[in-house]
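Enquirer: okay, sequence plus prediction incoming.
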Amino acid sequence: MIDKIAPSIAQALASVQDGSTVLIGGFGTAGIPGELIDGLIAHGARDLTVVNNNAGNADQGLAALLKTGRVRKIICSFPRQVDSYVFDELYRSGKLELELVPQGNLAERIRAAGAGIGAFFCPTAAGTELAKGKETRQINGKTYVLEFPIYGDVALIKAEAGDRWGNLTYRMSARNFGPVMATAARHTVATVHEIRQLGELDPEAIVTPGIYVSKIVKIARVATQAGGFKKAA
């Protein structure tokens, strides 16, 4: 019987190894798998390459992971924002390597990994520092830059609901990079707020099929100050 439900985050992340490339979903704070990032910190894996759209906020979530000093390199499109002081300090001191990638290229390079595409030409970044050292080609009179896929050893994503086969649905903007990252990693772990019985998820609403998911872990919703509960972003 296929059952991808893990009893704990620690068990779901047990196979993560030092030197892994970790794809972490999220756009800003929307869809960030905070519980999985905390679990990765507790796990203790080192020398990591992290792929995310951003480079962390304040000293929580992804920024907390960077602060541990266990991340060797980050690949992202928007590393600096008003509260990205953890990244800023590490980068300026030479303790963290950065590969800056335009946002559309980042998504497409991850998608290409999941789709089995060996490389692709894209006009984004042509003629800029981001194209330095890369192969370029003139196609129909326009300059294109050769880009390569970004593969992950592990993907950490946040979903809304899932079943024991690993099928996932998302909530609004929390979807962002999650679906493409799930396809591009050897091992995908997702948190969900709801676990449904097989057949309860509308097949037309399943965004990430279970074939791309290794483990799912149920997490609680975040309590509000009024004592109620709110949906995750």
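Expert: Yep, that arrived.
Enquirer: so how far is residue 71 from the closest residue in space to residue 173 that isn't next to it in sequence?
Expert: Distances taken as C-beta to C-beta, 6 or more residues apart in numbering put residue 30 closest to residue 173, at 4.6 Å, once the chain neighbours are dropped. Quick note: C-beta positions are derived from backbone N, CA and C, even for glycine. From residue 30 across to residue 71, the span is 21 Å (C-beta to C-beta, to the nearest Å).
Enquirer: cool, residue 181 as well?
Expert: 17 Å.
Enquirer: so these two - more neighbours on which side?
Expert: With neighbours defined as other C-beta atoms under 10 Å, residue 181 and residue 71 compare such that residue 181 has more, 31 against 24.
Enquirer: what's the first helix or strand after the helix or strand where that one lies?
Expert: Per DSSP states H and E, residue 181 falls inside helix 178-184. Counting by DSSP H and E, the element after helix 178-184 in chain order, helix or strand, is strand 185-192.
Enquirer: how about the closest residue to residue 211 other than its chain neighbours, what does it touch?
Expert: The shortest distance from residue 211 to any non-neighbouring residue, by C-beta to C-beta, 6+ apart, is to residue 166 (7.6 Å). Applying C-beta atoms under 8 Å, 6 or more residues apart in numbering to residue 166 gives the contacts 4, 190, 209-216.
Enquirer: at 6 Å instead, please
Expert: 4, 210, 213, 216 (C-beta atoms under 6 Å, 6 or more residues apart in numbering).
Enquirer: and the closest residue to residue 77 other than its chain neighbours, what's its pLDDT?
Expert: Excluding the flanking residues, the one nearest residue 77 by C-beta to C-beta, 6+ apart is residue 103, at 4.0 Å. Looking at residue 103, its pLDDT is 94.
Enquirer: what's around residue 103, how many residues?
Expert: Neighbour tally, residue 103, other C-beta under 10 Å: 14.
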